[in-house]
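# Any chance you can model this:
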Amino acid sequence: MSKNPTVPVGRLEDMRLSVGRQPGTTLYSVLSNTFGGGAHGMPREWRRLVREAAPPATAATLRTLLTAGHPWAPDSLALAAAVGTGATASVADELDAIDADTLTGELEQRFGDAVPTAWQRVADRPREFLTGYRTLALAVWDAFTPLWDRAADLLDREAERIGVASVTGVLGTVVNDLGDHVGYADGMLRLPHPGPRPTTGAEPTTGPVRRRLVLLPLASGYDACTYSAEHPDLIWIGYPLPGLGRLTHPSADRRAPAAEDRLSLVLGPVRAALLRHARLRPSVSEAAQHAHITVSTATYHCDRLARSGLLRRLRHGREVRLRLSEDGAALLDLLA
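Reported below is the predicted structural model:
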């Protein structure tokens, strides 16, 4: 199984791409982050809120599943059944739609006859498990809903950002900034962790694109990342909602800031400022001073811009200077 699986998708511009707003996928990410052993950048106070709201018995069952050595969950439990429909489904509707036969079918498809012990208990009593899972999910969602509601402006802003990137042909820049383990190059989409069906790479990357790509912003943690590539017609990727830090403190401004231009909307105001200043080939410290940020923060954002192919670093004596790549210059000309 590949450490960093890839899926052939062809040109991003040829894909049918959309941004989803599914509260269920954020909820499952919250549950996974809280009970699965990985923090994924979820604020400590949020995790405490979830643990206090969760019924202990069902929380213990879910923890056993998520820490049993199989970092996977059926799409039905991940509350992602509505992702491909284009409609937004409520958490209650998603939970009510989970069918015991569907769940056992997903387990059989994933594990065959070698169902792990933890999941075998679910397969043996799927209805009993689903009753407890629904109770757990609804209790946690009731506690988390105020945070989700506060994310509405950020979700609107993210949909606008993806839309601008799509119509201006810079989706590659956006996809390469979804997370440390997600990337796109040469018609191949790199995914964050091995899935149940790792792609061998034997499929052609040319010709008609057969799959849709749905991006799902997750209001659950700064490093939250999940995906599913099991459906033959669809790939969905959950990634951290930009600006999530605005929800951490109740006193913070809850509205997403207005973008002054399309470049700031796509990249964010800090990276837009750094990219524009790179025309002058500054040092990192000069770029930091220009953007009114610390050198360490500038280094982080420059790393991201370089990873997206928009920025290069050149050795100039004892200094490292920043320089626009051809793609970076083209992006400035297009969006500035």
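# Pull the number of nearby residues for Thr26.
27 (other C-beta atoms under 10 Å). C-beta here means a position set from N, CA and C on the backbone, and glycine is covered the same way.
# Please report the distance of it from Leu189.
22 Å (C-beta to C-beta, to the nearest Å).
# Tell me where the stretch 151-300 of the chain has helices.
In the stretch 151-300 of the chain, the helices defined using DSSP state H, counting those that start in this stretch lie at 152-167, 171-175, 262-267, 269-277, 284-291, 295-307.
# neighbours of the closest residue to Leu12 other than its chain neighbours, just the number please.
What sits nearest to Leu12 in space, not counting adjacent residues and going by C-beta to C-beta, 6 or more residues apart in numbering, is Leu171, at 4.3 Å. Using other C-beta under 10 Å, Leu171 has 21 neighbouring residues.
# Verify the stated contact: Leu171 with Val19.
No - counting by C-beta atoms under 8 Å, Leu171 does not reach Val19; the two are 11.5 Å apart.
# ranges for the helices of the stretch 1-150 of the chain?
23-35, 44-53, 56-66, 91-97, 100-111, 117-124, 126-150.
# what about those, which gets the closest to Val295?
Judged by C-beta to C-beta, the one of the helices of the stretch 1-150 of the chain that comes nearest to Val295 is helix 44-53, at 27.5 Å.
# most neighbours per residue, which of the helices of the stretch 1-150 of the chain?
helix 23-35 (a mean of 25; mean count of other C-beta atoms under 10 Å).
# Who are the packing partners of that one?
helix 44-53, helix 56-66, helix 91-97, helix 126-150, strand 212-218, strand 226-228, strand 234-240 (3 or more C-beta pairs under 8 Å, 6 or more residues apart in numbering; DSSP states H and E).
# Out of these, which gets nearest to Arg157?
Here strand 212-218 is closest among the helices and strands packed on helix 23-35 (C-beta to C-beta), at 9.7 Å.
# Could you report the pLDDT at the closest residue to Ala137 other than its chain neighbours?
In space, and not counting its chain neighbours, Ala137 is closest to Leu95: 5.7 Å by C-beta to C-beta, 6+ apart. Model confidence at Leu95, expressed as pLDDT, equals 92.
# With Trp141 instead?
Per-residue confidence at Trp141 stands at 96 (pLDDT).
# Surely it touches Leu27?
Yes - assessed by C-beta under 8 Å, Trp141 is found in contact with Leu27 at 5.3 Å.
# Which residues are in contact with each of the two?
Val91 (C-beta atoms under 8 Å, 6 or more residues apart in numbering).
# show me what contacts Pro240?
Pro240 neighbours (C-beta under 8 Å, 6+ apart): Gly41, Gly179, Pro217, Leu218, Ser220, Gly221, Tyr222, Asp223, Ala224, Cys225.
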